[in-house]
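Novice: Got a sequence here, can you build the structure:
(chains A and B, ligands or ions: 2)
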Amino acid sequence: MSDSPPTRIKEIEARKLSVHYGRYTALSGANLDVYRNEIFGIIGPANSGKTSFLRVLNRMDTFTPGMHFEGTVMYRGKDLRDWRNLYALRRSVGVVFPLPVGLPLSVYDNVALAPRLRGVRAKAELDVTVEKCLRRAALWDEVKDRLGALGSLLSGGQQQRLTIARALSQEPDLLLLDEFSIAVDPVTTMRIEDVLKELKSEMTIVLVTNLTQQARRLADRTAFFLQGQCVEVGPTSELFSDPKHEKTQAYIEGRFG
Amino acid sequence: MQHEDVRDFHWYVDKAMASLVFLGGISAIVFIIGIFLFITREGFAFITQSMDIREFFFDPAWRPTSDSNPTYGAFALIAGTASITGLAVLLSIPFSLGAAIYIAEFAEGRTREILKILIELLAAIPSVVWGFIGLSIMNPLIIDMFDVPVGLNILNAGVILALMAAPIMTTIAEDALKAVPDRYREAAEALGATRWQVTLKIVLPAAKHGLMAAVLLGVGRGFGETMAVLMASGHSINVPDGLFDSVRALTATIAAELGETAVGSEHYQALFTLGILLFAVTFIINLTADLVMRGIKRS
Ligand SMILES: Nc1ncnc2c1ncn2[C@@H]1O[C@H](COP(=O)(O)OP(=O)(O)O)[C@@H](O)[C@H]1O
Ligand SMILES: [Mg+2]
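Specialist: Ligands and ions are numbered 1, 2, ... in the order given. All right, here's what the predicted structure looks like:
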């Protein structure tokens, strides 16, 4: 819903993308494009393949036994399968899982981990990054006095924001958010949403959400997934005001899912 | 349905089973205390009547069979046990940790299973067989390689003991690594960490208490080992000043001499005093390992 039209560079280009777990197909034949510096929303009921799509984007199939995908996904003009350094790809893609995982390190070290992994050593630089990312994740005020406390001991909602800060500390080109607001209260959710709108200028964001209104508020374009199919993709305003498929209409009107 | 307050069959079974497992648990404590009382009783008279504490701990002369002037200095024996165990632990830590990290973090599928089975097999080799390897393989090997007159020494016993302690240390260390939840690995890998970075920055720190316990239990294992050490160490009373010195261990001394002493004699009681020392040290090591494993952590 932004006024400035997104640039028309394709950040992600998925063609005939299918995701399988063993013989089970979680997503079949999805075609969709995500443009650079837009927020791309994905809505749809549970088990429709939304998370599976995100898992492909940072190649998490390599550590999920049985998971594999078919079709092609171009990321920044290069086939995902052609990346020679998988770790570099993952550093370029930040992910926030629906169930937050605070690493068993201090709050500070959780956020400083990604910069350290890419070789940042200077304390001053790390301090700046940690504070900036925690502020953006709306967590700074709550943890600034206990940056040394274990991240895995924060409350669920705080851990969720910690994982957001951690993903931002990667300075990703692509940020994947998977139902980030499940464990976060509405006020904090709004604060994070404001930050996401600002972040758009720095990165591309794919936002999977179970709150259709959240997609409506934030996303430039939105896709509707249902039972492993990408039913419809379009500019958010069109998708919500004038859906082409009856099922999309039914879903956004809350008639199922 | 009317639920009445009656003690039925399941209630009695529950109570009976609770008492039964309670007895099982208690019996472990009873045995430990019993053994402790037995050793202490046999060594007690010596400790209170004839033991010279200075001599026992600091005199290297263990001459229990001397007719004119028997002495009971355990210093050389303590030094023997300490040097062999120390060397064994130094040697086995890198191998065990390496093996545990490989199995828990890097190996996959069949390789992992086969390795685990091999390591369990290694743990099942009887200690007399290890002693035999020390005597008949390591001994000539050391003589050849280092050009020394005798190959039964600290080096030999240390290597043998390292091989014996490694499977236990590996297994416990691997358990400690496996206890670190996979979601941590996934989260770190999603950030772009390599396997090795995940191991170094996340898994090892998270498992450090378990790893320390693994090392301690390895030490305990080495400390109490008798037969292999008796066969491979040279069994000569000696305060060592090099890897190629033969030494004698506390355990081996008890095993070799107890059968030849008159029950109740001073020598007999002195051996039991060695036993008390062993018992105390092993107890402390295991207790520490246990406390560490439970995570008496930094506050
Ligand atoms: N690791 C897995 N192994 C097997 N099946 C899975 C796995 N992850 C997801 N699935 C299945 O794939 C389907 C799609 O899941 P997912 O992509 O998580 O959907 P969504 O995020 O839209 O709820 C579901 O039916 C789910 O049970
Ligand atoms: Mg999901």
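
Novice: Count the residues that sit near whichever residue of the stretch 51-200 of chain B sits closest to chain A.
Specialist: Evaluated by CB to the nearest CB, the stretch 51-200 of chain B has B:Gly192 as its residue closest to chain A, separated by 3.2 Å. To be clear about C-beta, it is placed using only N, CA and C from the backbone, and glycine gets the same treatment. Per other CB atoms under 10 Å in any protein chain shown, the neighbour tally for B:Gly192 reads 24.

Novice: Can you classify it as helix, strand or coil?
Specialist: Judged by DSSP: H, G, I helix; E, B strand; the rest coil, the three-state class of B:Gly192 is coil.

Novice: On the pLDDT front, check it for me.
Specialist: For B:Gly192, the pLDDT comes out at 92.

Novice: ditto for A:Ile42
Specialist: At A:Ile42, pLDDT is 97.

Novice: ok, A:Glu198 - how many residues close by?
Specialist: 9.

Novice: Can you give me the distance of it to A:Val187?
Specialist: 18 Å (CB to CB, to the nearest Å).

Novice: before we move on, back to that, could you list every residue that touches the residue of the stretch 51-200 of chain B closest to chain A?
Specialist: A:87-92, A:114, A:117-118, A:170 (CB atoms under 8 Å, 6 or more residues apart in numbering or on different chains).

Novice: so how far is B:Tyr12 from the residue nearest to B:Leu77 when sequence neighbours are not counted?
Specialist: Nearest non-adjacent residue to B:Leu77, counting by CB to CB, 6 or more residues apart in numbering or on different chains: B:Leu250, 4.9 Å away. Per CB to CB, B:Leu250 is found 51 Å from B:Tyr12.

Novice: that older thread, which residue packs closest to the residue of the stretch 51-200 of chain B closest to chain A, ignoring adjacent ones?
Specialist: The shortest distance from B:Gly192 to any non-neighbouring residue, by CB to CB, 6+ apart, is to A:Arg91 (3.2 Å).

Novice: repeat for B:Lys116
Specialist: In space, B:Lys116 is closest to B:Ile103, 6.4 Å off (CB to CB, 6+ apart).

Novice: can I assume that neighbour is in contact with B:Glu174?
Specialist: Yes. In this structure, B:Ile103 is within contact of B:Glu174 by CB atoms under 8 Å, at 5.3 Å.

Novice: Pick out the residue closest to the middle of chain A.
Specialist: Central residue of chain A (CA atoms, centre = their mean): A:Leu176, 1.6 Å from the mean position.

Novice: Low-confidence stretches in the chain?
Specialist: Here I'm looking at chain A. Confidence mapping of chain A against pLDDT under 70 gives the ranges A:1-7, A:257.

Novice: look at chain B instead
Specialist: Chain B contains residues with pLDDT under 70 at B:296-299.

Novice: Name the residues of it found near chain A, please.
Specialist: Counting by CB under 8 Å from any CB of the partner chain, chain B comes close to chain A at B:180, B:183-194, B:197, B:201-202, B:205-206.

Novice: and with 10 Å instead?
Specialist: Taking CB under 10 Å from any CB of the partner chain as the measure of proximity, chain B contacts chain A at B:108-109, B:180-195, B:197-198, B:201-203, B:205-207.

Novice: Buried only: go through these for me.
Specialist: Burial by neighbour count, 16 or more other CB atoms under 10 Å in any protein chain shown: within these this picks out B:180, B:184-193, B:197-198, B:201-203, B:206-207.

Novice: In contact with the one residue in the stretch 51-200 of chain B that gets nearest to ligand 1, which residues?
Specialist: Here the residue of the stretch 51-200 of chain B nearest ligand 1 is B:Glu186; by CB to the nearest ligand atom that distance is 11.2 Å. By CB atoms under 10 Å, 6 or more residues apart in numbering or on different chains, the contact list for B:Glu186 reads A:60, A:63-64, A:95, A:97, A:101, B:198.
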